[in-house]
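>>> with the input below, show me the fold.
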Amino acid sequence: METWEVIRTKRAVRDYDDRPLPERVLHRILNAGRLAGSARNAQPWRFIVVREASQRQRLSRCGRFARHLAHAPCVIVICTDVQHRRWAAFDAGRAAQNMVLAAWDQGVGSCVTALHDEASAREVLRIPDTFDIQVAIAFGYPSPAGEGPIHRFIRERVLRVTGRRPLHELVYYEVWGQTSHHEG
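Numbers count the residues shown, from 1 in each chain. You can find the predicted model right below:
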């Protein structure tokens, strides 16, 4: 796909089929994260790839909205070095966005989620105290059956409003609240 098409069509996918990700696809996703920009080129991230079903199941209990992690063929958890906390969350977000867009370009769906029970997630993944947990991302080929129960729940109960806000509601020019650009 072209870059704009990948960005325009990317949506969260929470229901996956059983196909594992080929190594070349996983490698591309991981490299996309690695190649993200970071403040002062600190590259504060580490990526934990979780493919074992029992690990994914345990991890899915570490977040309030993480049930889908158990059913994804692959989960990547992004952690960042505590020495770079000032910009680490932003940098992790850049890496995560690169990963989900690279995945979608390969036909792989994804969904980013928080691990609210950080202590349990640390235990499951054996993450040292010198790293913060930023996000977990589920990756997998979208279910051929279409929208599954997790996606329906999210759509019906969480995302009652569909679509995106129009650009004119989000953009100001020169100062806060000025909705038109006046060339002078």
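
>>> from here on, just use CA atoms for contacts and neighbour counts.
Noted.

>>> for the residue nearest the centre of the chain, pull up the helix or strand it's in.
Centroid-nearest residue in the chain, with CA atoms, centre = their mean: V112, separated by 3.1 Å. Element membership of V112, judged by DSSP states H and E, is strand 109-113.

>>> quick one, helices of this structure?
For the chain, helices defined by DSSP state H occupy the ranges 3-9, 23-34, 53-60, 85-105, 118-125, 149-153.

>>> out of those, deepest packed?
Ranked by mean neighbour count, those are led by helix 85-105 with a mean of 21 (mean count of other CA atoms under 10 Å).

>>> tell me what angle it forms with strand 109-113.
Using axes from the mean of the first three to the mean of the last three CA atoms, to 10 degrees, the inter-axis angle of helix 85-105 relative to strand 109-113 is 160 degrees.

>>> can you start the count at 44 instead of 1 from here on
From this message on, residue numbering opens at 44, which makes the last subject helix 128-148.

>>> counting neighbours, what do you get for R89?
The number of residues packed near R89 is 18, by other CA atoms under 10 Å.

>>> just checking, it touches T123?
Yes. Using CA atoms under 8 Å, R89 is in contact with T123, at 6.2 Å.

>>> so what's the residue nearest to the centre of the chain up against?
A55, A139, V178, A179, I180, A181 (CA atoms under 8 Å, 6 or more residues apart in numbering).

>>> what bridges to the last one?
Beta bridges link A181 to V118, C154 when assigned by DSSP bridges.

>>> correct me if wrong: A75 contacts R137.
No. Using CA under 8 Å, A75 is not in contact with R137, being 9.8 Å away.

>>> contacts for stretch 138-152?
44, 49-50, 53-57, 59, 68, 71-73, 75-80, 121, 153-155, 180, 182-185.

>>> and that stretch, C-alpha only, in PDB?
Extracted C-alpha coordinates of stretch 138-152, given in PDB (Å, rounded to 0.1, in the frame of the first residue of the first chain):
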ATOM      1  CA  ALA A 138       7.800   3.200  17.800                       C
ATOM      2  CA  ALA A 139       4.300   1.800  18.300                       C
ATOM      3  CA  GLN A 140       2.800   3.800  15.500                       C
ATOM      4  CA  ASN A 141       5.600   2.700  13.100                       C
ATOM      5  CA  MET A 142       4.900  -0.900  14.100                       C
ATOM      6  CA  VAL A 143       1.100  -0.800  13.600                       C
ATOM      7  CA  LEU A 144       1.500   0.900  10.300                       C
ATOM      8  CA  ALA A 145       4.100  -1.500   9.100                       C
ATOM      9  CA  ALA A 146       1.900  -4.400  10.200                       C
ATOM     10  CA  TRP A 147      -1.100  -3.000   8.300                       C
ATOM     11  CA  ASP A 148       1.000  -2.600   5.200                       C
ATOM     12  CA  GLN A 149       1.600  -6.400   5.400                       C
ATOM     13  CA  GLY A 150      -2.100  -7.100   6.000                       C
ATOM     14  CA  VAL A 151      -1.600  -7.700   9.700                       C
ATOM     15  CA  GLY A 152      -4.100  -6.000  12.100                       C
END
